[in-house]
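Trainee: sequence unknown, structure follows:
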């Protein structure tokens, strides 16, 4: 009896257990961002000292913090601030990196060299330290952290994309477009750049993973989100004094940061495998 195999298209759409797990995590995070604040009680920002540092119970699933606020609902509400901030940071500096790489590739050689030397200088500087300094100079707040990271994160994106654009520019379809008389700028924006963005998409997902950690770190050291914000890094900073007696005030937001970072890191790996047939299992 002949053995039939699934069509390639069906196999490409099928999800592995790991991909299904990541999808569930991302859907859960998306639900927390979309509807979490609407479902949360009004007391997530209201102090109730009489119920401070209560352990996990049926009433408070993840206990309460030093102000008597429900930790579970603060984690849920904090997903919007943490995730949207990370997505905004990565999107902003990715746009800057794309613009720099495109202008460098489409412009004259002297402009390309100038922009790439500026990019190399930006890569040589310790990004975390520069972002920390900028955030502190702008004033401790989540908005300052977003601006600081957006201004310091673009050089790597620009350098990587410029290299990919250079490689794509050597493809046969680009040579054909040049023969037809397509202008350099139109060739770059309509043909080369769209065929170079797959690498950027993979990097974008991985960068969200890293940015969640960095934003939480900036809030933890006091230059990011400030109390009484439910941002996860700020929650960890507020609960660090009670680790020995009320571990849940730190563990709950810490696990949320770790799970979110892992989910987006795995998403980047999955997208890369899906886009590169050589990495797939036969």
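Mentor: Noted; the coordinates are in hand. Just so it is clear, the model here is predicted, and its values are computed rather than measured. Numbers count the residues shown, from 1 in each chain.

Trainee: how much space is there between the residue sitting nearest the centre point of the chain and residue 85?
Mentor: By C-alpha atoms, centre = their mean, the chain has its centre lying nearest to residue 208, at 1.2 Å. Applying C-beta to C-beta, to the nearest Å, the value for residue 208 to residue 85 is 10 Å. No exception for glycine: its C-beta is placed from N, CA and C like everyone else's.

Trainee: For the longest helix along the chain, name the packing helices and strands.
Mentor: The residue-count maximum for a helix in the chain (DSSP state H) belongs to helix 71-106. Using 3 or more C-beta pairs under 8 Å, 6 or more residues apart in numbering; DSSP states H and E, the elements in contact with helix 71-106 are helix 17-39, helix 109-124, helix 142-152, helix 154-168, helix 197-220, helix 232-239, helix 248-275.

Trainee: what angle separates that helix from helix 248-275?
Mentor: Relative orientation of helix 71-106 and helix 248-275, computed by axes from the mean of the first three to the mean of the last three C-alpha atoms, to 10 degrees: 40 degrees.

Trainee: Now helix 71-106: buried residues?
Mentor: Using 16 or more other C-beta atoms under 10 Å as the test for burial, helix 71-106 gives 71-83, 85-87, 89-90, 92-94, 96-98, 100-106.

Trainee: So for that helix, mean pLDDT?
Mentor: The average pLDDT within helix 71-106 is 92.

Trainee: Work out the gap between it and the centre of the chain.
Mentor: 6 Å (C-alpha atoms, centre = their mean, to the nearest Å).

Trainee: repeat for stretch 117-126
Mentor: 21 Å.

Trainee: What ranges in the stretch 151-282 of the chain fall below the confidence cut-off?
Mentor: Across the stretch 151-282 of the chain, the ranges flagged by pLDDT under 70 are 177-178, 276-282.

Trainee: ok, now with 50
Mentor: The model of the stretch 151-282 of the chain has pLDDT under 50 over residues 282.

Trainee: and if you look at the stretch 1-150 of the chain?
Mentor: In the stretch 1-150 of the chain, residues with pLDDT under 50: 1-3, 5, 9.

Trainee: run the last query once more with 70
Mentor: Checking the stretch 1-150 of the chain against pLDDT under 70 turns up 1-13.

Trainee: leaving aside the residues next to it on the chain, what's closest to residue 145?
Mentor: residue 224 (4.2 Å; C-beta to C-beta, 6 or more residues apart in numbering).

Trainee: right, and residue 123 touches residue 157 too?
Mentor: No - counting by C-beta atoms under 8 Å, residue 123 sits too far from residue 157 to count as a contact (10.4 Å).

Trainee: quick one: which of the two has more around it?
Mentor: residue 157 (24 against 13; other C-beta atoms under 10 Å).

Trainee: got CSV for the helices and strands packed on helix 71-106, with distance to residue 184 too?
Mentor: Shown next, in CSV, are the helices and strands packed on helix 71-106 (distance: least, C-beta to C-beta, whole Å):
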stretch, distance to residue 184
helix 17-39, 39
helix 109-124, 12
helix 142-152, 29
helix 154-168, 12
helix 197-220, 19
helix 232-239, 45
helix 248-275, 27
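
Trainee: Please consider this matter closed, and thank you.
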